[in-house]
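Visitor: Quick one, fold the following:
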Amino acid sequence: MQLAAKIFEAADLEAAAELCFDNKWTDGLPVIPPTRGAVERIIDYLKRDPAEVIGVIQPRDGVATIETIAINCVMAGCKPEFVPIVIAAIEAMVDDDFNLNGVQTTTHGCAPLTIISGPAVKRLGFHTKECAFGHGCRATATIGRAIRLILWNIGGGFPSEPCKTTQGHPGYYSFCIAEDADTNLWEPLQVERGYKADDTIVTIVAVEGPRLIGNGAGYGPAEDVLYVLADSIATLGSPQISGGDMVLVLAPMAVKNLHDAGYSKADVKRELVRLATRPVREVRHRHSIAESHPAHWKHFADAANDEARVPFIRGVERIVITVAGGWGSGSAFSSLCPGWGARRAKPLSRRVEFPST
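Guide: Numbers count the residues shown, from 1 in each chain. Okay, here's the model as predicted:
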């Protein structure tokens, strides 16, 4: 196998780790040195040409090949069978409709969230219940980490230049979840996104970190659950006031409450669009939006009417709903990941192509 990567030598594992830090091949966390053997094992598993180009990673316009993706996957600790998911995620992100250059250079603190849905979720051991966003799962941790290292090493998403985010995002290290097929009472995300039920897909959305919502699904009626969810979306400090996409990760208890009350996922989206609003008189308090960027909302509300409602969701297509997390207590904690307010970017999905056995 002919590999293009340059070979570096180190005296031992500790020296190799320091070599990665010295050359800025990692973003602050230690990585596994990508030995030739480890990279070759991934490429052998994929059965693909190491020189095959997957896409150009902005803003540095680095070329992501099968080999360079494999190198970063080794550094992140991915098993070979995780790598097709990383490739699918990169294929989605390099699509112009995702606006990766904007995501990598904005002053906002968004990061690409990778959502996996489909049969491979169980086969590869993803945690979809307790701590779905958190620690303890090699699949979500290393896949999210590999994607971030690719954006760092190939795309050049370095702090200050060119990454201008003012606050940053913990998801710059790893940001990946998987849908829980066991507790999802609606159609799975892959079907909703236009794929087959037996397909495994990745859906990529640039969003903020998860914000917990105690929606009281164990106590109150479905209408109150929807009201609380909508109220959590319609906050003046959120970039959602400018438009853009968001991800709502509903806990199983909330899903059961809504489903048992007769709400489909499409019904939930329509209700959230209707309910997630604020009056013009309150939106004016956010001076920069009300005056500096009037196009962000004045086309959607009568700016002269204090009681006119300003929508925080510009359409059902702007909400990605998935199901994950533990059952919890009566509060049924769900999570909202607000979008970055970019109307020229949208969530994208790609089918994961696993090699034939």
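Visitor: pull the longest helix from this structure.
Guide: helix 138-153 (DSSP state H).
Visitor: Around the closest residue to residue 105 other than its chain neighbours, how many other residues sit close by?
Guide: Excluding the flanking residues, the one nearest residue 105 by CB to CB, 6 or more residues apart in numbering is residue 162, at 4.9 Å. Yep, even glycine has a C-beta here, placed from its N, CA and C like the rest. Applying other CB atoms under 10 Å, we find 15 residues neighbouring residue 162.
Visitor: ok, residue 162 - contacts?
Guide: Residue 162 makes contact with 59-60, 104-105, 156, according to CB atoms under 8 Å, 6 or more residues apart in numbering.
Visitor: Distance to residue 199 and secondary structure added to these, as a markdown table?
Guide: Output for the contacts of residue 162, formatted as a markdown table (distance: CB to CB, whole Å; DSSP: H, G, I helix; E, B strand; the rest coil):
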| residue | distance to residue 199 | secondary structure |
| --- | --- | --- |
| 59 | 31 | coil |
| 60 | 32 | coil |
| 104 | 28 | helix |
| 105 | 32 | helix |
| 156 | 32 | coil |
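Visitor: Tell me the helix or strand right after whichever strand or helix holds residue 103.
Guide: In the assignment (DSSP states H and E), residue 103 maps to helix 100-105. Of the helices and strands lying after helix 100-105 in sequence (DSSP H and E), the nearest is strand 111-117.
Visitor: Point out the other elements, helices or strands, that that next one touches.
Guide: helix 83-93, helix 100-105, helix 138-153, strand 176-178, helix 189-192, strand 201-207, strand 319-323 (3 or more CB pairs under 8 Å, 6 or more residues apart in numbering; DSSP states H and E).
Visitor: Residue 38 is nearest to which of those?
Guide: helix 83-93 (11.5 Å; CB to CB).
Visitor: pull the CA atoms of that closest one into PDB?
Guide: Output in PDB follows, covering the C-alpha atoms of helix 83-93 (Å, rounded to 0.1, in the frame of the first residue of the first chain):
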ATOM      1  CA  VAL A  83     -14.500   5.400  10.200                       C
ATOM      2  CA  PRO A  84     -17.300   5.100   7.600                       C
ATOM      3  CA  ILE A  85     -19.400   7.300   9.900                       C
ATOM      4  CA  VAL A  86     -16.600   9.900  10.000                       C
ATOM      5  CA  ILE A  87     -16.400   9.800   6.200                       C
ATOM      6  CA  ALA A  88     -20.100  10.300   5.800                       C
ATOM      7  CA  ALA A  89     -20.000  13.300   8.200                       C
ATOM      8  CA  ILE A  90     -17.200  14.900   6.300                       C
ATOM      9  CA  GLU A  91     -19.100  14.300   3.000                       C
ATOM     10  CA  ALA A  92     -22.000  16.300   4.500                       C
ATOM     11  CA  MET A  93     -19.900  19.100   5.900                       C
END
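Visitor: and the angle for it with strand 201-207?
Guide: Interaxial angle, helix 83-93 versus strand 201-207 (axes from the mean of the first three to the mean of the last three CA atoms, to 10 degrees): 50 degrees.
Visitor: Let me see the ranges of the strands in the stretch 201-350 of the chain.
Guide: For the stretch 201-350 of the chain, the strands defined by DSSP state E, counting those that start in this stretch occupy 201-207, 211-213, 246-250, 277-279, 309-311, 319-323, 334-337, 348-351.
Visitor: so which of those is the most packed in?
Guide: strand 201-207 (a mean of 27; mean count of other CB atoms under 10 Å).
Visitor: Need the residues that contact it.
Guide: 85, 88-89, 92-93, 98-99, 103, 110-118, 189-190, 193, 195, 245-247, 320, 322, 337-340, 342, 345, 347-352.
Visitor: Now do the contacts for the nearest residue to residue 344 once chain neighbours are set aside.
Guide: Among residues not flanking residue 344 along the chain, residue 99 sits closest, at 5.6 Å (CB to CB, 6+ apart). Shown in contact with residue 99 (CB under 8 Å, 6+ apart): 206, 342, 344-345.
Visitor: Just name the closest of the contacts of residue 162 to residue 32, please.
Guide: residue 156 (21.5 Å).
Visitor: quick one on the thing from earlier: between the contacts of residue 162, which is nearest residue 307?
Guide: The closest of those, once distances to residue 307 are taken by CB to CB, is residue 105, at 38.5 Å.
Visitor: pretty sure that closest one contacts residue 163?
Guide: Yes - look at residue 105 against residue 163 with CB atoms under 8 Å: they come within range, at 6.3 Å.
Visitor: Understood, closing this out.
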